[in-house]
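A.B. asks: When you get a sec, could you give me coordinates for this:
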Amino acid sequence: MVSISIDRQSPATTPSPRIVALGASAGGLEPLAQFFANVPAGSGMAYVVVQHMDPTHKPMLSDLLQRSTSMRVHEASESLRLEADTVYVIPPNAELTVAGGTLHLADPTKPRGMRLPIDILFNSLARDQGNQAIGVVLSGMGSDGTLGLHAIKTQGGLTVVQKPESAQFDSMPRSALAAGCTDIVALPAELPERILRVAAAGMSTPAPLTCAIEHSASALHAILCLLRERSKHDLALYKSSTLVRRIERRMAVYKLASMQAYESFVRQNPLELDLLFKEMLIGVTAFFRDTAVWQELKNKVLPALLERCAPGVANLRAWVVGCSTGEEAYSLAMAFKEVVDALPEYGASALQIFATDLSADAIAVARKGHYPAAIVNDVAPERLARFFSVHAGGFLIDKSIREMVLFAQHDVILDPPFTKLDILSCRNLMIYFSASLQQRLVPLFHYSLRPGGALLLGGSETVGRSHLLFTPVHPKSRLYWRVDNGSGAAATFFPVHHRSSSRTTEKESNLTSLSAPPVNLQSLADQVLLQVFSPPAVLVNEVGDIVYISGRTGRYLEPAAGKANWNIHVMARPGIRAQLTVALRTALQERKSVDLFGLKLDDEAGVTVNITVQALQDHKALEGMAMIVFREIAVPAARRGGRKSPAGPVEPALADELARAQEEVRALRQEMHASQEELQAANEELQSTNEELQSANEELTTSKEEAQSMNEELQTINNELQSKLDDLALAQSDMRNLLNSTEIATLFLDNELNVRRFTDQITRVIHLREGDIGRPLSELASTLLYPQLLADVHETLRTLAFCEKEIATTDGHWYSVRIMPYRTHANVIQGAVITFVEITASKQLEARLREL
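C.D. replies: Presented below is the predicted three-dimensional model:
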């Protein structure tokens, strides 16, 4: 039976309105305008826009976007409460985040050209809004926004990307698509309708909860069966909440109201099962994630593993489970190289890394070893220079590192494990598994590791109930050493594989009978002696957990009420508990044997017991363990009846009782003092952990992607100025049309008397064409009978007084030539303007009048 937990936020905690975060860079103005032009009135959402901007440039984005939408467009400010149907634009030289439905501004934490404001906004939105977050990536260079979309998708939010073919710069959309964290890909004009459709589906009124759970359980089981048949992988042991959340996302994309409807949809569209399978396999990884863990691995674990081998011949094996796109495996290889370099005696040592993942697409990316330029935020410059080479706008892993890693598609639940390992890394994978599956995998990892091997888990993962199999490097560490003891070996068991098998029950029983060893009389006799004649005893580890019982110990130990607990401190009877606790601690700390005499059991006044606690250190597997042996001592009859006699025997009995009580008080005091010290140390550790968690909560916990170049900022400015240039071009066209309509030939000259501009009518006077722009006036041929033209222009520029003359041409025309200085708005002289107004008709009329 599959249990389903449906996450629903209460109305009191659901922020209103829902927030849509849009990230753009170079070429982003046009898609932003198209997006907002198609947002319907009354959408009920708040829109936050982040674009890469020059920090020294006056912002114009708000004014430009206001032309495309009827919604209010504001520049974001500190502690500004988000409102529905409003657009908020990031100001220059700032980082914008969302917390509690409120905008917050901060100074950039990285130098100019290396900032990732889109990732910062998306990450904060994912933390604040959870599965209600919506992130949109539009045109831009680099890969800013990819990690932020990863964070939103991990929280169950909606991730949207502009179709790369429609983007002026497609690097950002393609980076998001390559990361496999995209729900919707469409043209900018289509995105608002798609987003609102999914949001409306997610807000639809649900069916009654009890009925929904019952129907959803059967539908979920059917979907998982279809998924298993299609992908050959069984996801039934994943956490049901994770499965339901991923399926609900696909339902929202197709606007399906129930899981039963989605079941019918996938039956009719088998290709949807492939998309659903990819949806289940979200890989969140980065190079050297959790720096402290890698530092501890380099300083303690790897040197210790090398020291166990002979110098120069150390050949270690490692398995990275759930490697995703390979960053974790390559990080381990680089760390090993650095450790070997620091230990010259192990210069010839080698590490073979097996990296596996369920996703074939992730394995393909890992095998290529090519990563975006964003890894500069995760990899130190010296590591980039040594282990990477620049290739195709990103970084390519060095061949020496690539050859250390073998990638393979592998199902850790169903496929046989790798064995004889020195290191096993399984980080942030088991958090998606059910508790039962986690309990089965940790013993499997114990089996895969060699004695003394190291296990590396994620920050939210522990070995759980399998603490007998592993011991942490230190109390706060997620690095564990494999523990080799009797209990660990006996507790090792493996996942039940569901692969098809041809072996039947009859064959299994036959194999068992054939492999049974012959009867050994000596071993049977030894067993009889141990069970009948040897004293009762128990073997405990350093924390008091019982790992082996010999003989009948029921008189001294009894299970405690409640949850089963096989700890000697809990199971010991009250009469011997305090003294036994002190003796066990003393024996383990001082590595010696401690004897307790004449302890009386509370339930049987006629029986006393002697207890011997022996610390074991003869065998490596028994280190840190102790044997507790119980020997009964019968009390003489006279002493048992001492309380009934008024004579002398009463006094010794009372003295024994008093001595035992004093011993118990002393033992309890020692126990209380030791417990107090332990609690004090635990309290200090908890305080330190709390401070670290508070600090980590305030910082950005996700990795940053790529350093953005100055070219992106310039591209953004160009897009903003393009609108202004269009207006100027229109004004220039208006001016040209005005000048041409007057039919006045006009020539513009610069300060050096070179041609700067002219009207079309000037060609009737001076022989000019477009290619003559920049030519000196003295080199131009004309029909004017005006040899003083050049001198008059110089004189006008010298005196700043205009000159006007009537000049004839060689073809019989007359022109009124007017020369004026060219003045700018700042009243600066920058050349001259010469106009030619034809006056031929007036001259001819004047000549006829003179003749008359």
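A.B. asks: for the protein, what helix or strand is lowest in average pLDDT?
C.D. replies: When each helix and strand of the chain is scored by mean pLDDT, DSSP states H and E, helix 505-515 comes last, with a mean of 35.
A.B. asks: how near is H569 to V582?
C.D. replies: 11 Å (CB to CB, to the nearest Å). Every C-beta, even on glycine, is put in place using the N, C-alpha and C of the backbone.
A.B. asks: My error: substitute T56 in the last question.
C.D. replies: Taking CB to CB, one finds T56 at 73 Å from V582.
A.B. asks: quick revisit: higher neighbour count, H569 and V582?
C.D. replies: The neighbour comparison of H569 against V582 (other CB atoms under 10 Å) goes to V582, with 21 against 17.
A.B. asks: right, and the more buried one touches E664 too?
C.D. replies: No - with contacts counted by CB atoms under 8 Å, V582 stays clear of E664, the gap being 10.0 Å.
A.B. asks: Let me see the confidence value for R450.
C.D. replies: The model reports R450 with a pLDDT of 91.
A.B. asks: That should have said R250, apologies.
C.D. replies: So, for R250, pLDDT stands at 80.
A.B. asks: try T809
C.D. replies: 90.
A.B. asks: and it, what does it touch?
C.D. replies: 765, 783-785, 815 (CB atoms under 8 Å, 6 or more residues apart in numbering).
A.B. asks: Name the nearest residue to L61, sequence neighbours excluded.
C.D. replies: V89 (5.2 Å; CB to CB, 6 or more residues apart in numbering).
A.B. asks: do N93 as well
C.D. replies: Nearest residue to N93, sequence neighbours excluded (CB to CB, 6+ apart): P55, at 3.3 Å.
A.B. asks: Where does the one you found fall, secondary structure wise?
C.D. replies: In the assignment (DSSP states H and E), P55 maps to no helix and no strand.
A.B. asks: hang on, isn't it packed against I90?
C.D. replies: No - using CB under 8 Å, P55 is not in contact with I90, being 11.2 Å away.
A.B. asks: low-scoring stretches of the stretch 151-300 of the chain, by residue?
C.D. replies: 201-216, 282-283 (pLDDT under 70).
A.B. asks: all strands of it, in order?
C.D. replies: Remark: strands assigned in the stretch 151-300 of the chain by DSSP state E, counting those that start in this stretch are 158-162, 184-186.
A.B. asks: Now those strands in a markdown table, please, with extra columns for mean neighbour count and distance to V98.
C.D. replies: Listed next are those as a markdown table, based on neighbours: other CB atoms under 10 Å; distance: least, CB to CB, whole Å:
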| stretch | mean neighbour count | distance to V98 |
| --- | --- | --- |
| strand 158-162 | 27 | 15 |
| strand 184-186 | 17 | 21 |
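A.B. asks: Which stretch among the ones you listed approaches N690 most closely?
C.D. replies: strand 158-162 (33.2 Å; CB to CB).
A.B. asks: show me the contacts for L237.
C.D. replies: So L237 contacts 413, 433-434, 436-437 (CB under 8 Å, 6+ apart).
A.B. asks: switch the cut-off to 7 Å
C.D. replies: L237 makes contacts with 413, 433-434, 437, as judged by CB atoms under 7 Å, 6 or more residues apart in numbering.
A.B. asks: by contact count, what packs against the lengthiest helix in the chain?
C.D. replies: Counting by DSSP state H, the longest helix found in the chain is helix 650-698. Applying 3 or more CB pairs under 7 Å, 6 or more residues apart in numbering; DSSP states H and E, we find helix 650-698 packed against helix 574-590.
A.B. asks: Go again with 10 Å.
C.D. replies: Applying 3 or more CB pairs under 10 Å, 6 or more residues apart in numbering; DSSP states H and E, we find helix 650-698 packed against helix 574-590, strand 593-600, helix 637-640.
A.B. asks: ranking those by burial, who's on top?
C.D. replies: Comparing the helices and strands packed on helix 650-698 by mean neighbour count (mean count of other CB atoms under 10 Å), helix 574-590 comes out on top with a mean of 19.
A.B. asks: quick one, that one and helix 650-698 angle?
C.D. replies: 60 degrees (axes from the mean of the first three to the mean of the last three CA atoms, to 10 degrees).
A.B. asks: chain center to helix 574-590: distance?
C.D. replies: For helix 574-590, the separation from the chain centroid amounts to 48 Å (computed by CA atoms, centre = their mean, to the nearest Å).
A.B. asks: same deal with stretch 98-112?
C.D. replies: 19 Å.
A.B. asks: Give the intersection of the neighbour lists for H569 and V582.
C.D. replies: Common neighbours of H569 and V582 (criterion: CB atoms under 10 Å, 6 or more residues apart in numbering): E671.
A.B. asks: G544 touches R585, doesn't it?
C.D. replies: Yes - using CB atoms under 10 Å, G544 is in contact with R585, at 9.3 Å.
A.B. asks: Give me the common contacts of these two.
C.D. replies: Going by CB under 10 Å, 6+ apart, residues that sit against G544 and also against R585 are A626.
A.B. asks: From the contacts of L237, pick the one nearest T796.
C.D. replies: Using CB to CB, the contacts of L237 come closest to T796 at F433, 88.9 Å.
A.B. asks: who's the closest one bridged to?
C.D. replies: With DSSP bridges as the criterion, F433 is bridged to Y238.
A.B. asks: what stretches of the stretch 601-750 of the chain score poorly on pLDDT?
C.D. replies: For the stretch 601-750 of the chain (pLDDT under 70), the answer is 602-606, 634-653, 656, 660, 694-714.
A.B. asks: Now do stretch 181-195: distance to the chain's middle.
C.D. replies: Worked out by CA atoms, centre = their mean, stretch 181-195 lies 23 Å from the chain centre.
A.B. asks: Go through it and flag the buried ones.
C.D. replies: Going by neighbour count (16 or more other CB atoms under 10 Å), the buried part of stretch 181-195 is 181-188, 190-192, 194-195.
A.B. asks: can you check stretch 338-354 too?
C.D. replies: Buried, per 16+ other CB under 10 Å, within stretch 338-354: 338-340, 346, 349, 351-354.
A.B. asks: Select from those residues the entry with the lowest predicted confidence.
C.D. replies: On pLDDT alone, Y346 ranks lowest of these, at 85.
A.B. asks: excluding its backbone neighbours, what's nearest that one?
C.D. replies: Take Y346 and drop its neighbours on the chain: the residue closest to it by CB to CB, 6+ apart is L306, 4.9 Å away.
A.B. asks: Let me see the confidence value for R478.
C.D. replies: At R478, pLDDT is 87.
A.B. asks: State the distance from it to P443.
C.D. replies: From R478 to P443 the distance is 18 Å (CB to CB).
A.B. asks: Nearest to A681, out of the strands of the stretch 151-300 of the chain?
C.D. replies: Nearest to A681, of these and by CB to CB, is strand 158-162 at 45.1 Å.
A.B. asks: Tell me which stretches of the stretch 751-852 of the chain form helices.
C.D. replies: Applying DSSP state H, counting those that start in this stretch to the stretch 751-852 of the chain gives helices spanning 789-799, 840-851.
A.B. asks: on contacts alone, who are the packing partners of the first one?
C.D. replies: The reference is to helix 789-799. Against helix 789-799 (3+ CB pairs under 10 Å, 6+ apart) you get strand 745-749, strand 803-808, strand 814-823, strand 829-838.
A.B. asks: what pairs with the last one, and is each one parallel or antiparallel?
C.D. replies: Strand partners for strand 829-838, identified by DSSP bridges, are recorded as strand 745-749 (antiparallel), strand 814-823 (antiparallel).
A.B. asks: Of all the residues in it, which ones are buried?
C.D. replies: Those would be 831-838, for strand 829-838 by 16+ other CB under 10 Å.
A.B. asks: If anything else comes up later, I'll come back, but that's it for now.
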